[in-house]
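*Asks:* generate a structure from the sequence data that follows.
(2 chains)
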There are 2 protein chains.
Amino acid sequence: MRVLILGGDGYLGWPTAMHLTAKGHEVAVVDNYLRRRLCREENVEPLFDVPNLHERARIWESRSGCKVRVFIGDLRRWEIMAEVFQSFIPDAIVHYAEQPSAPYSMLNRRAAALTLSNNLEITANLIFAVREWCPEAHIVKLGTMGEYGTPDIDIEEGWIDIEHKGRRDRFLYPRQAGSLYHTTKIMDTDLLWFYVRMWDLRVTDLMQGPVYGLVTEENLSELRLFPFFNYDEIFGTVLNRFVVQAVAGYPLTVYGQGGQTRGYLNIKDTLSCVRLALENPAGKGELRIFNQFTETFSVNQLAEKVKEVGDQFNLGVNINHLENPRIEKEDHYYNPAHSRLLDLGLQPHYLTDRTISEILEKILQFKERIKKEQIFRKISWN
Amino acid sequence: MRVLILGGDGYLGWPTAMHLTAKGHEVAVVDNYLRRRLCREENVEPLFDVPNLHERARIWESRSGCKVRVFIGDLRRWEIMAEVFQSFIPDAIVHYAEQPSAPYSMLNRRAAALTLSNNLEITANLIFAVREWCPEAHIVKLGTMGEYGTPDIDIEEGWIDIEHKGRRDRFLYPRQAGSLYHTTKIMDTDLLWFYVRMWDLRVTDLMQGPVYGLVTEENLSELRLFPFFNYDEIFGTVLNRFVVQAVAGYPLTVYGQGGQTRGYLNIKDTLSCVRLALENPAGKGELRIFNQFTETFSVNQLAEKVKEVGDQFNLGVNINHLENPRIEKEDHYYNPAHSRLLDLGLQPHYLTDRTISEILEKILQFKERIKKEQIFRKISWN
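*Replies:* Predicted structure coming up:
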């Protein structure tokens, strides 16, 4: 299968490119290095340097024999999108090309405007490119569990049957997110669902929870093939941050009461989920939605798990309950469905002490590079 | 009350400015003449010329003694939005500054991109301006009944209580629109609702149906104070178009079976609804939603009504069922609530033969100016 990965330089984009080529797919990636630029501007550089995309493709090919074709450009510009689709007609597209940080989107007006325009315009350009050059292609869009928020009823996989005053209809599950970033993902869903109905597109929306980890089957032995690893408040996801904090002797930053519960998954499972979605495409005119996580934890539970493993390494981990800079419920009902990817054959890597140790051991190698001032910036939602 | 009208040059913007000043409010308008430019580009000029905003403000002041302050500029540019808010701090904002045509938004990729960026970026800039300069101000946002689409259950006013698997919560009523334009209005709602929750904004979302008419209490005697009157497929609303077609001897263009049912209102009622919303503002942290229409009709019913009145004028009106260029249900359930504006005191002007005659008599004065080639362009959704 020919797969085009938009946002192929990111935390998930590059590991996905390696994984799909290792499984025999033909892959091209596009990126404009936006994430690198934003990390530099906000002084939250990743824990270790990663080579640029051309260089990573070269190293990966020399190690595995697998080729990844690289395009560099800003997909908000139609001529870039057009150029890519004219030279690589895909069977499927994996769309990661979004500003992916909730705190970044809440930083200030310019960051909000960038998030809004970037995420919406690229999604729109993608839809028009598929319509123009490959209307049968399958779009695999990364959504987020954060689109649902924390409603007081069970969260279904994308759709809900509503009975109201004796009548009944099926709707997109109501969405109500907790950051501007997450809100742009709701808008992406609105946009995709509209054009699916109009133009019979094939779309899978993967409502993903926060991802953790940095080791995948493809990068085991070669540091230069590792993904970006952010441990800061802006671009770092919570478990990754906690492990770095444990290593750095920085008390784990739990916001408020720490009862906030979310669905999490290992980066290895992200790769499997995306591949399973690609290999079992959505039908024509279908917006198929999967909730992509393997287990739920509260922030307190994550902190306790990291403390326990950290203490096995004699790190003497402390947990600090900070005033919550976000506006969110700290204690809430949370019962999201997540059976459809398991039905497709996902074999989860659960969050065991062993998994945390594996990440922690890697981080220990870079202990000297951790900059404590990057960890907590108190980016306020208000 | 100091009211800032964004999109003050439009079909509804200018009549609203006159109406509010006539009722004693202090009003400023902003516009960048986007609508005029698009009408010119697509060769769908309004039925008669209307003076520019400065000129209209001058004429209105000479007739009524009421002043309207005029700003010209593109509100997508933050510096323009900032300049306006720095020199006119409003108590309330009426936000009409959107590309308002469904067919225009379906014309091609560039028109879709313009609609998406224009509508979203201005709404975002407005939110940030209110936050910065007048966090207590009341935003009155024009939404559209089209956001709901045509679900098989009753449409409530913005919100719905959902009972699911023995639990219960309240949500934004699920939205699923029939054009890209309408989809951008869903996104506006997503955006406003997010920042209402974050920053305790006061917002009223007026989910308006198609508006008809051109006579208001303020423009009775002076043609130069009339609103834009489009009768083309792109910017003309359906009843206005049908009346012009009757006058021009052009068979009324009913799409498909004509069973499509929507909620309609007279332009006079739009002005009252907006004023009632302004004079009874939403609370802090409230997204208040009203369904803004006074009665529902199928397209067939509208065509029959216009034919009946046209025939009284000996116009010999024909009705033509065309292949539907849109993708929409032509026969569907439709039962939307609309009591909240009535509760605030709205006195509807219903669509009587008298109302249609009033519009028709005005149009007859411009019969020679009607360009038949503007009427139907067959802009396809597919």
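*Asks:* which parts of the stretch 151-300 of chain A are helices?
*Replies:* A:180-199, A:238-248, A:267-279, A:299-312 (DSSP state H, counting those that start in this stretch).
*Asks:* what's the closest of these to chain B?
*Replies:* Of all the helices of the stretch 151-300 of chain A, it is helix A:180-199 that lies closest to chain B, at 4.4 Å by CB to the nearest CB. In this view, the C-beta of every residue, glycine as well, is placed from N, C-alpha and C.
*Asks:* give me the buried positions along the closest one.
*Replies:* A:180-199 (16 or more other CB atoms under 10 Å in any protein chain shown).
*Asks:* mind listing what's buried in the longest helix belonging to chain A?
*Replies:* The single longest helix within chain A, with elements called by DSSP state H, is helix A:109-133. For helix A:109-133, a neighbour-count test (16+ other CB under 10 Å) marks A:109, A:111-131, A:133 as buried.
*Asks:* tell me the residues of the stretch 251-382 of chain A that contact chain B?
*Replies:* Within the stretch 251-382 of chain A, the residues that sit near chain B (CB under 8 Å from any CB of the partner chain) are A:327, A:333, A:381, A:382.
*Asks:* top of these by neighbour count?
*Replies:* Greatest neighbour count in these, by other CB atoms under 10 Å in any protein chain shown, goes to residue A:381: 17 neighbours.
*Asks:* for the residue in the stretch 201-350 of chain A that chain B sits nearest to, phi and psi?
*Replies:* Residue nearest to chain B within the stretch 201-350 of chain A: residue A:327 (5.6 Å; CB to the nearest CB). Main-chain torsions, residue A:327, degrees, to the nearest 10: phi -100, psi 110.
*Asks:* tell me who's in contact with it.
*Replies:* A:178, A:381, A:382, B:197, B:198 (CB atoms under 8 Å, 6 or more residues apart in numbering or on different chains).
*Asks:* the second one and residue A:256 touch, don't they?
*Replies:* No: with contact taken as CB atoms under 8 Å, residue A:381 and residue A:256 are classed as non-touching, separated by 11.9 Å.
*Asks:* can you pick out the most distant pair from the residues of the stretch 251-382 of chain A next to chain B?
*Replies:* Put simply, by CB to CB the two of these set farthest apart are A:333 and A:382, 24.3 Å from each other.
*Asks:* quick check, residue A:29 in a strand?
*Replies:* Yes: counting by DSSP: H, G, I helix; E, B strand; the rest coil, residue A:29 is found in a strand.
*Asks:* tally of neighbours for it?
*Replies:* Quick note: residue A:29 (other CB under 10 Å) scores 28 neighbours.
*Asks:* again with residue A:64
*Replies:* Residue A:64 has 15 nearby residues by other CB under 10 Å.
*Asks:* now residue A:365
*Replies:* Neighbours of residue A:365 under the rule other CB under 10 Å: 12.
*Asks:* also residue A:163?
*Replies:* Neighbours around residue A:163, by other CB under 10 Å: 12.
*Asks:* tell me how far it lies from residue B:328.
*Replies:* 25 Å (CB to CB, to the nearest Å).
*Asks:* and for residue A:12?
*Replies:* Separation of residue A:12 from residue B:328 (CB to CB) stands at 38 Å.
*Asks:* near chain B, which residues of the stretch 101-250 of chain A show up?
*Replies:* A:109, A:112-113, A:116-117, A:120-121, A:124-125, A:128, A:151-154, A:160, A:162-165, A:167-169, A:171-172, A:174-177, A:180, A:183, A:186-187, A:190-191, A:193-194, A:197-199.
*Asks:* got the contact list for residue A:179?
*Replies:* So residue A:179 contacts A:102, A:103, A:105, A:106, A:146, A:326, A:381 (CB under 8 Å, 6+ apart).
*Asks:* for burial, what's the neighbour tally of the first one?
*Replies:* Neighbour count of residue A:102, defined by other CB under 10 Å: 22.
*Asks:* same question for the second one.
*Replies:* Applying other CB under 10 Å, we find 23 other residues in the vicinity of residue A:103.
*Asks:* please apply the same query to the one 4 residues further on.
*Replies:* Here the number of neighbours of residue A:107 (other CB under 10 Å) works out to 19.
*Asks:* okay, buried residues for stretch A:47-66 please.
*Replies:* By neighbour count on 16+ other CB under 10 Å, the buried set for stretch A:47-66 is A:47, A:48, A:50, A:53, A:56, A:57, A:58, A:60, A:66.
*Asks:* now swap in stretch A:88-108 and tell me
*Replies:* Neighbour-count burial for stretch A:88-108 [16+ other CB under 10 Å]: A:88, A:90-107.
*Asks:* kindly report the same for stretch A:334-351.
*Replies:* A:334, A:336, A:338, A:340, A:341, A:346, A:348, A:349, A:351.
*Asks:* excluding its backbone neighbours, what's nearest the second one?
*Replies:* In space, residue A:336 comes closest to residue A:155 once its chain neighbours are excluded; the distance is 3.7 Å by CB to CB, 6 or more residues apart in numbering or on different chains.
*Asks:* ok now do the one you found, which residues does it touch?
*Replies:* Applying CB under 8 Å, 6+ apart, the residues near residue A:155 are A:145, A:148, A:173, A:291, A:334, A:335, A:336, A:337.
*Asks:* quick check, nearest of those residues to residue A:359?
*Replies:* residue A:145 (21.2 Å).
*Asks:* these two touch, right, the closest one and residue A:262?
*Replies:* Yes: if you go by CB under 8 Å, residue A:145 and residue A:262 touch, sitting 6.5 Å apart.
*Asks:* surely residue A:370 and residue A:232 touch.
*Replies:* No: judged on CB under 8 Å, residue A:370 makes no contact with residue A:232 at a distance of 10.3 Å.
*Asks:* which one's more surrounded, those two?
*Replies:* Applying other CB under 10 Å to residue A:370 and residue A:232 shows that residue A:232 carries more neighbours, namely 24 against 17.
*Asks:* wait, doesn't the more buried one sit right on residue A:378?
*Replies:* No: using CB under 8 Å as the test, residue A:232 is too far from residue A:378 to be in contact (11.9 Å).
*Asks:* residue A:317 reaches residue A:307, doesn't it?
*Replies:* Yes: here residue A:317 reaches residue A:307: they are 4.2 Å apart, a contact under CB under 8 Å.
*Asks:* which residues do these two both contact?
*Replies:* A:246, A:252.
*Asks:* looking at the two, which one has more neighbours?
*Replies:* Taking other CB under 10 Å, residue A:317 and residue A:307 do not tie; residue A:317 has more neighbours (23 against 19).
*Asks:* distance of residue A:63 from residue A:70?
*Replies:* Counting by CB to CB, the gap from residue A:63 to residue A:70 is 16 Å.
*Asks:* check residue A:156 too.
*Replies:* 39 Å.
*Asks:* who's more crowded, those two?
*Replies:* Each of residue A:156 and residue A:70 has its neighbours counted (other CB under 10 Å); residue A:70 has more, 20 against 16.
*Asks:* can you give me phi and psi for the more buried one?
*Replies:* Here the main-chain torsion angles of residue A:70 (degrees, to the nearest 10) amount to phi -120, psi 130.
*Asks:* and the residue lying closest to it once chain neighbours are set aside, what does it touch?
*Replies:* Distances taken as CB to CB, 6+ apart put residue A:53 closest to residue A:70, at 4.8 Å, once the chain neighbours are dropped. The contact partners of residue A:53, by CB under 8 Å, 6+ apart, come to A:8, A:9, A:14, A:29, A:31, A:70, A:72.
*Asks:* now for the residues you listed: which two are most distant?
*Replies:* Top of the distance list for the contacts of residue A:53 (CB to CB): A:14 and A:72, 13.6 Å.
*Asks:* count the residues that sit near residue A:315.
*Replies:* 18.
*Asks:* and it, how close does it get to residue B:131?
*Replies:* 42 Å.
*Asks:* could you do residue A:32 as well?
*Replies:* 30 Å.
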